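Participant: this is the structure alone, sequence omitted:
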């Protein structure tokens, strides 16, 4: 496709080198927390795409498992998922154990479903070395299994389904080809969202044996929600950083970045002056702003790839995928910008020939502005992305009163009961417990302070003013949950309490 053809098709079209690149491991759409963890089970354990799950068959499942009355109570009452929206057509289940995800925990009509588990796997692989990404996913799959350490109810449900549901599933198995992994050659502070997600999942796995399955499940769900969403926002930020540097290289003739610069600066911007979200502040406007910059950047990056084609300097391979002397996505992106720099004059000639004589930046913005609804996330893939972030981060809206407090694993909640109310960054109680546990365990034997929690959130790109954590609403909620205690020796005035720390050993008989 030439520059002229790309201009005609509009900013949502994509160059072949952009499809499947590290900057877009998936095209996110609407999902919620229990569907996210269900999709992870399907991706890592069940070798089953979300599109294969038929909720119409769920009503027949109890008759296959023995005592039909008892199983109907378990599946259609105890584990019934609350309606996610008014007039929902299908009844669904909560994926307490992995095998339940072979029968439910999905959204929408079968053929239209995407697979959130793939995006979660990409986020997790972004936190481990590429040489061991497959081993990591297989190890994680094993840790997610129901084992002898789980309580008897979870074991009975899992074993009964495996014996009686009639499905032929080779478990564990992985339908995933591990995506390009660790962005940087060496991990350093601050961590990227993918690196933080891996560390937090590992922390929760370490306490799995001492928790009931349902409690552990919602903690894992909470961490997946904040980790996967933050990783997606971080990728939006990387789009913007790449586009800004391409414009500088082409329009101004500046030097391309090194892989080390991308590792140290681009990968850390979320923890510095450009946080993804801020505790206590409007998440709705922040997300829309990130998506708008991402949409412009995506159009500009694809324009650059098409301009290289017109300049007879086609970029070979997928954008940001390591190879040909590069070991990490950061090095691969640096090689791409260097390639653009090396063909700068030919690229400018190609742009002028296509009617874009004012440079790359103006050309990219002109193409992006041709679809204002796309830029404002009111149509197309950006609307899908906005809905993904809204619902995976936000408190699930349940229509039945007895399920009003069902979801407490959220990061954002509406400021009021209005249908179109903006979301504010204010974690639910389950999310606060998960963050407290992971922060406390990250410090090893040392006590964790509010400053440690702020640094932990910073790795996810969430700016947490210390005053908000200590004296604001979040601080009071931490104290009410028994997760914080006053101490004159703690930085910030309070220490975090790990509610699942092992009891202190005693020499007394």
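Facilitator: Nice, thanks for sending it over. This one's a predicted model, so the numbers in the text were calculated from it and none came from an experiment. Numbers count the residues shown, from 1 in each chain.

Participant: what is the mean pLDDT for stretch 52-59?
Facilitator: Taken as a whole, stretch 52-59 has a mean pLDDT of 91.

Participant: same deal with stretch 129-144?
Facilitator: Stretch 129-144 shows a mean pLDDT of 87.

Participant: give me the buried positions along it.
Facilitator: 130, 133, 134, 136, 137, 138, 140, 141, 143, 144 (16 or more other CB atoms under 10 Å). Glycine gets a C-beta too; all of them are placed from N, C-alpha and C.

Participant: return the member of those residues nearest to residue 323.
Facilitator: Ranked by distance to residue 323 (CB to CB), those are led by residue 130 at 11.1 Å.

Participant: tell me the spacing between the closest one and residue 23.
Facilitator: 16 Å (CB to CB, to the nearest Å).

Participant: and what of residue 111?
Facilitator: Counting by CB to CB, the gap from residue 111 to residue 23 is 27 Å.

Participant: looking at the two, which one has more neighbours?
Facilitator: Using other CB atoms under 10 Å as the criterion, residue 111 and residue 23 rank with residue 23 on top: 20 against 6.

Participant: for the more buried one, helix, strand, or coil?
Facilitator: Following DSSP: H, G, I helix; E, B strand; the rest coil, residue 23 is assigned to coil.

Participant: pretty sure it contacts residue 321?
Facilitator: No - the pair residue 23 / residue 321 is not scored as a contact, 10.1 Å apart, by CB atoms under 8 Å.

Participant: all strands for the stretch 251-400 of the chain, in order.
Facilitator: 277-278 (DSSP state E, counting those that start in this stretch).

Participant: just checking, next helix/strand downstream of the helix-or-strand element of the chain with minimal mean pLDDT?
Facilitator: Ranked by mean pLDDT, DSSP states H and E, the weakest helix or strand in the chain is helix 466-470, scoring a mean of 83. Going down the chain from helix 466-470, the next helix or strand is helix 473-480, by DSSP states H and E.

Participant: residues contacting the helix or strand following that next one, please?
Facilitator: Toward the C-terminus, helix 473-480 is succeeded by strand 484-486 as the next helix or strand (DSSP H and E). Contacts to strand 484-486, defined as CB atoms under 8 Å, 6 or more residues apart in numbering, come from residues 436, 450, 475, 478, 479, 493, 494, 495, 496, 497.

Participant: phi, psi of residue 23?
Facilitator: phi -80, psi -20 (degrees, to the nearest 10).

Participant: residues in contact with it?
Facilitator: Counting by CB under 8 Å, 6+ apart, residue 23 has contacts 235, 238, 239, 242, 301, 319, 320.

Participant: make it 10 Å
Facilitator: Contacts for residue 23 were tallied using CB atoms under 10 Å, 6 or more residues apart in numbering; they are 235-236, 238-239, 242, 294, 297-298, 301, 318-320, 329, 333.

Participant: among those residues, which are located in helices?
Facilitator: Using DSSP state H, the subset of the contacts of residue 23 located in helices is 235, 236, 238, 239, 242, 294, 297, 298, 301, 329, 333.

Participant: just confirm the last one contacts residue 315, I think it does.
Facilitator: Put plainly, it is residue 333. No - counting by CB atoms under 10 Å, residue 333 does not reach residue 315; the two are 11.3 Å apart.

Participant: quick check: residue 117 vs residue 41, distance?
Facilitator: 8 Å.

Participant: name the residues contacting each of the two.
Facilitator: With contacts taken as CB under 10 Å, 6+ apart, residue 117 and residue 41 have 48, 101 as neighbours in common.

Participant: just for the stretch 151-300 of the chain, where's the confidence low?
Facilitator: With pLDDT under 70 as the threshold, the stretch 151-300 of the chain has low-confidence stretches at 170-181.

Participant: all helices of it, in order?
Facilitator: Taking DSSP state H, counting those that start in this stretch, the helices of the stretch 151-300 of the chain run over residues 152-164, 193-206, 213-247, 259-264, 283-310.

Participant: so which of these comes closest to residue 51?
Facilitator: Nearest to residue 51, of these and by CB to CB, is helix 213-247 at 19.5 Å.

Participant: pull the contacting residues for the nearest residue to residue 118 once chain neighbours are set aside.
Facilitator: Distances taken as CB to CB, 6 or more residues apart in numbering place residue 26 nearest to residue 118, at 5.1 Å, with adjacent residues excluded. With contact set as CB under 10 Å, 6+ apart, residue 26 has these partners: 114-123, 179, 228, 232, 235, 388.

Participant: hang on, the earlier thing: more neighbours, residue 117 and residue 41?
Facilitator: residue 117 (30 against 23).

Participant: my guess is that one contacts residue 25. True?
Facilitator: No - using CB under 10 Å, residue 117 makes no contact with residue 25, being 11.4 Å away.

Participant: touching, residue 311 and residue 350? I think so.
Facilitator: Yes - under the criterion of CB under 10 Å, residue 311 makes contact with residue 350 at 4.3 Å.

Participant: overlap in contacts of those two?
Facilitator: Between them, residue 311 and residue 350 share the contacting residues 3, 343, judged by CB under 10 Å, 6+ apart.

Participant: so the most centrally placed residue in the chain versus residue 23, what's the distance?
Facilitator: Nearest to the geometric centre of the chain sits residue 228, at 1.2 Å (CA atoms, centre = their mean). Residue 228 is 15 Å from residue 23, where distance means CB to CB.

Participant: over to residue 35?
Facilitator: Applying CB to CB, the value for residue 35 to residue 23 is 24 Å.

Participant: what do you get for residue 289?
Facilitator: Distance, residue 289 to residue 23, by CB to CB: 18 Å.

Participant: which stretches in the stretch 401-509 of the chain count as helices?
Facilitator: Going by DSSP H, counting those that start in this stretch, the stretch 401-509 of the chain shows helices at 429-442, 450-459, 466-470, 473-480.

Participant: comparing those, which yields the minimum mean pLDDT?
Facilitator: helix 466-470 (a mean of 83).

Participant: contacts only, for residue 219.
Facilitator: Going by CB under 10 Å, 6+ apart, the list of residues near residue 219 reads 200, 203-204, 207-208, 211, 409, 430-431, 433-435, 437-438, 500.

Participant: can you list the domains in this protein?
Facilitator: 33-228, 429-496 (automatic domain parsing).

Participant: kindly reformat those domains as a markdown table containing distance to residue 369.
Facilitator: Below are the domains of the chain laid out as a markdown table (distance: least, CB to CB, whole Å):
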| stretch | distance to residue 369 |
| --- | --- |
| domain 33-228 | 28 |
| domain 429-496 | 27 |
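
Participant: skip the chain neighbours and tell me the closest residue to residue 52.
Facilitator: In space, residue 52 is closest to residue 110, 7.5 Å off (CB to CB, 6+ apart).

Participant: and that neighbour, backbone torsions?
Facilitator: Dihedral angles for residue 110 - degrees, to the nearest 10 - are phi -60, psi -50.

Participant: that one reaches residue 57, doesn't it?
Facilitator: No - at 11.1 Å, residue 110 does not count as touching residue 57 under the criterion of CB under 10 Å.
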